[in-house]
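A.B. asks: Sequence and predicted structure below; questions after.
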Amino acid sequence: MDAAASSGPEDLDALRAALAAAEARADVAEAELASARAKASDDQAQIAHLKLQIAKLQRHLFGPRAERTRRLLDQLELELEELEASASQDELAAEQAAARTSSVQAFTRKRPSRQPFPEHLPRERVVEPAPCACPSCGGARLSKLGENVTETLEVIPRQWKVIQHVREKFTCRDCEAITQPPAPFHATPRGWAGPSFLAMLLFEKFGQHQPLNRQAERYAREGVPLSLSTLADQVGAGAAALMPLFERIQAHVLAAERLHGDDTTVPVLAKGKTDVGRLWVYVRDDRPFAGPDPPAAVFYYSRDRRSEHPKTHLDGWSGILQADAYGGYGDLYAPERRPAPVLEASCWAHGRRKVFELADVETAAIKTARGEKPRPVYPLALEAVQRIDALFAIERQIKDRPPAERLAVRQAQSAPLTADLEAWMIQTRDTLSRGHDLAKAMGYMLRRWPSFTRFLDDGRICLTNNAAERALRGVALGRKAWLFCGSDRGGQRAAVLYSLIVTAKMNDVDPQAWLADLLARLPAHPAHRIDELLPWNWKSQQRPAQPAAA
């Protein structure tokens with residue numbers, strides 16, 4: 001027992017040394033594993049970043065190449081967001097693991113170069129306290145050589161304030177008359193909401209898809225409790241105040257000789273259920289053929305999709321309507337229509353989509369991998385898509401050119417391809433059964449061939465109706481947030497505000513800043529000069545922002 005006791009401390013020291021060595025090896029292994037994981041995450045983030053940049057450059061150079069291009073970019077951006085967050089988290093974990101050992105070097109990410117902060121942002125200098133003496137020798141004779149500046153982006157939380165308009169009363173000592181300055185004009189009756197607050201309320205609801213109940217909760221957390229009914233009252237008052245601008249945009253859109261038209265569903269709350277209403281949009285966009293008139297969009301609301309609605313919207317208008325094959329437009333195309341029949345121009349994107357679905361190898365492979373039954377993929381459908389894509393390639397070359405140049409190129413290059421495509425589709429369709437999916441897709445285009453080929457006779461016509469679909473994109477996003485319109489009147493208000501916001505965006509104008517200025521100026525603005533407040537005219541009146549002083 002004495003021998004065992006005497007050798008105990010030595011064995012204990014050996015065990016402690018072995019345990020320390022094992023822990024060191026474990027720390028090294030953990031650090032190496034964390035470093036490898038961080039490097040893998042960084043590589044994935046870099047790959048996703050490069051993919052997104054390539055996709056954006058290709059879209060910028062060549063335009064949309066497929067129906068799913070926009071969704072693909074959104075997915076890539078979401079993927080990059082998640083990978084960047086994971087890479088940063090893994091990098092921090094690798095640094096913490098490397099700090100516990102001296103034999104493993106910490107992993108440092110190769111981040112993409114960050115752009116400098118905008119010059120117009122104000123700068124606040126925070127000078128770190130300088131040393132009073134030299135830390136090496138203790139001398140007090142210090143001379144400044146220079147400075148290093150590290151910039152950090154910071155935000156000031158939203159500030160609320162109450163503006164008090166004071167109107168002093170005066171009495172005349174000679175005649176005892178009482179005078180007082182007139183009350184200031186307000187954007188809405190009773191005027192408790194300032195124009196900037198009202199513009200934020202409207203833009204958050206219709207531009208950022210934030211329902212009023214969520215806005216009310218956020219305001220309450222910021223110390224400004226406002227009831228839902230109070231906010232709703234201001235939305236109605238704001239929409240009524242902005243009606244003159246809506247009417248001017250409507251007149252501008254309906255003065256065009258060519259329009260894009262489309263519609264989408266919008267749920268409407270009804271008694272005990274939710275009905276399906278409609279939001280219609282008509283877009284004037286002459287930019288593809290270098291037209292001088294500014295772009296604009298006007299929205300309308302209806303409870304159903306009956307043909308009387310587009311007939312009412314375009315009553316008295318005649319020109320070229322680019323739209324899908326909705327049968328409700330039929331009355332507009334009737335030869336006996338007065339003042340004149342509307343000319344139909346079909347959308348090649350719709351026609352291509354029906355064929356593309358039968359040539360989508362990627363989607364079929366994904367469904368097969370998931371164990372789902374894919375749609376058949378036909379080589380003939382792939383050939384049809386390639387023939388149609390040749391027309392889109394020509395259109396990308398003549399984008400933003402005058403109508404005469406576009407027409408000349410189309411007559412020389414697109415017309416032969418279109419004739420060959422028609423002959424090929426007729427021949428191919430005759431070899432298929434009547435119920436074949438590809439025969440139906442080709443029949444959709446062949447039955448409307450004159451409207452599909454109308455672009456060959458007019459340089460102003462676009463190949464697709466994407467302008468209208470882009471205008472409706474916000475409605476599709478909003479449906480997921482506000483779920484439904486509360487009533488038909490709510491749908492009509494939404495149409496008015498969507499018209500203003502989408503038109504502002506089409507003219508590269510900040511919708512919220514424009515609405516705030518409108519609501520501040522409208523009460524005192526002369527009615528005969530209302531056109532000065534339209535987005536394209538308002539934009540030219542704004543002075544460029546001056547960089548703030550340091």
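C.D. replies: Structure's in. What do you need?

A.B. asks: contacts, neighbours, all on C-alpha from now
C.D. replies: OK.

A.B. asks: what's the neighbour count on residue 221?
C.D. replies: The tally of other residues near residue 221 (other CA atoms under 10 Å) stands at 10.

A.B. asks: my bad, should have said residue 211
C.D. replies: 18.

A.B. asks: Also the one 4 residues further on?
C.D. replies: Applying other CA under 10 Å, we find 17 residues neighbouring residue 215.

A.B. asks: Could I get the contacting residues of it?
C.D. replies: Applying CA atoms under 8 Å, 6 or more residues apart in numbering to residue 215 gives the contacts residue 201.

A.B. asks: Can you give me the distance of it to residue 295?
C.D. replies: Distance of residue 215 to residue 295, given as CA to CA, to the nearest Å: 31 Å.

A.B. asks: Over to residue 348?
C.D. replies: Residue 348 is 22 Å from residue 295, by CA to CA.

A.B. asks: Likewise for residue 335?
C.D. replies: From residue 335 to residue 295 the distance is 29 Å (CA to CA).

A.B. asks: neighbour count winner among these two?
C.D. replies: residue 295 (22 against 11).

A.B. asks: now the helices for the stretch 251-400 of the chain?
C.D. replies: Along the stretch 251-400 of the chain, counting by DSSP state H, counting those that start in this stretch, helices occupy 308-313, 330-333, 348-356, 361-369, 379-397.

A.B. asks: what helices or strands is the third one leaning on?
C.D. replies: Contacts defined by 3 or more CA pairs under 8 Å, 6 or more residues apart in numbering; DSSP states H and E place helix 348-356 against helix 379-397, helix 437-446.

A.B. asks: could you dump those helices to TSV with distance to residue 354?
C.D. replies: Below are the helices and strands packed on helix 348-356 laid out as TSV (distance: least, CA to CA, whole Å):
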stretch	distance to residue 354
helix 379-397	9
helix 437-446	6
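
A.B. asks: my read: residue 325 touches residue 344, true?
C.D. replies: No: Residue 325 is not in contact with residue 344 according to CA atoms under 8 Å; the separation is 9.3 Å.

A.B. asks: The closest residue to residue 303 other than its chain neighbours: how many residues sit nearby?
C.D. replies: Nearest residue to residue 303 in three dimensions, chain neighbours excluded: residue 277, at 4.3 Å (CA to CA, 6 or more residues apart in numbering). Residue 277 has 21 neighbours, counted by other CA under 10 Å.

A.B. asks: Same question for residue 119.
C.D. replies: Based on other CA under 10 Å, the number of other residues close to residue 119 is 12.

A.B. asks: and the gap between it and residue 539?
C.D. replies: 21 Å.

A.B. asks: which residues touch the closest residue to residue 266 other than its chain neighbours?
C.D. replies: Leaving out its chain neighbours, the residue that sits closest to residue 266 by CA to CA, 6+ apart is residue 277, at 5.0 Å. Residue 277 makes contacts with 265-268, 301-305, as judged by CA under 8 Å, 6+ apart.

A.B. asks: Look up how far residue 267 lies from residue 277.
C.D. replies: 6 Å.

A.B. asks: Run through the stretch 351-500 of the chain and note the low-pLDDT ranges.
C.D. replies: Residues of the stretch 351-500 of the chain that meet the criterion pLDDT under 70 lie in 361-362, 364-365, 481-484.

A.B. asks: lowest confidence element among the helices and strands of the protein?
C.D. replies: Lowest on mean pLDDT, DSSP states H and E among the helices and strands of the chain sits helix 69-98, with a mean of 60.

A.B. asks: So between residue 325 and residue 344, which is more surrounded?
C.D. replies: With neighbours defined as other CA under 10 Å, residue 325 and residue 344 compare such that residue 344 has more, 22 against 17.

A.B. asks: Please report the number of neighbouring residues for residue 477.
C.D. replies: 13.

A.B. asks: Ok, residue 334 next?
C.D. replies: Quick note: residue 334 (other CA under 10 Å) scores 13 neighbours.

A.B. asks: who are the neighbours in contact with the closest residue to it other than its chain neighbours?
C.D. replies: In space, and not counting its chain neighbours, residue 334 is closest to residue 341: 5.8 Å by CA to CA, 6+ apart. Listed by CA under 8 Å, 6+ apart, the contact partners of residue 341 are 318-319, 332-335.

A.B. asks: quick check, nearest of those residues to residue 414?
C.D. replies: residue 319 (23.2 Å; CA to CA).

A.B. asks: Would you confirm that residue 322 contacts residue 282?
C.D. replies: No: counting by CA under 8 Å, residue 322 sits too far from residue 282 to count as a contact (9.6 Å).

A.B. asks: Overlap of the contact sets of these two?
C.D. replies: 259-261.

A.B. asks: Tell me the one among the contacts of residue 277 nearest to residue 514.
C.D. replies: residue 301 (23.7 Å).

A.B. asks: Report how many residues lie close to the nearest residue to that closest one once chain neighbours are set aside.
C.D. replies: Nearest residue to residue 301, sequence neighbours excluded (CA to CA, 6+ apart): residue 279, at 4.6 Å. The number of residues packed around residue 279, counting by other CA under 10 Å, is 23.

A.B. asks: same deal with residue 308?
C.D. replies: 12.

A.B. asks: before we move on, the earlier item: only the buried subset of the contacts of residue 277, as a PyMOL command please.
C.D. replies: Here is the PyMOL command that selects the buried residues among the contacts of residue 277 (16 or more other CA atoms under 10 Å):
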select buried, resi 265+266+267+268+301+302+303+305
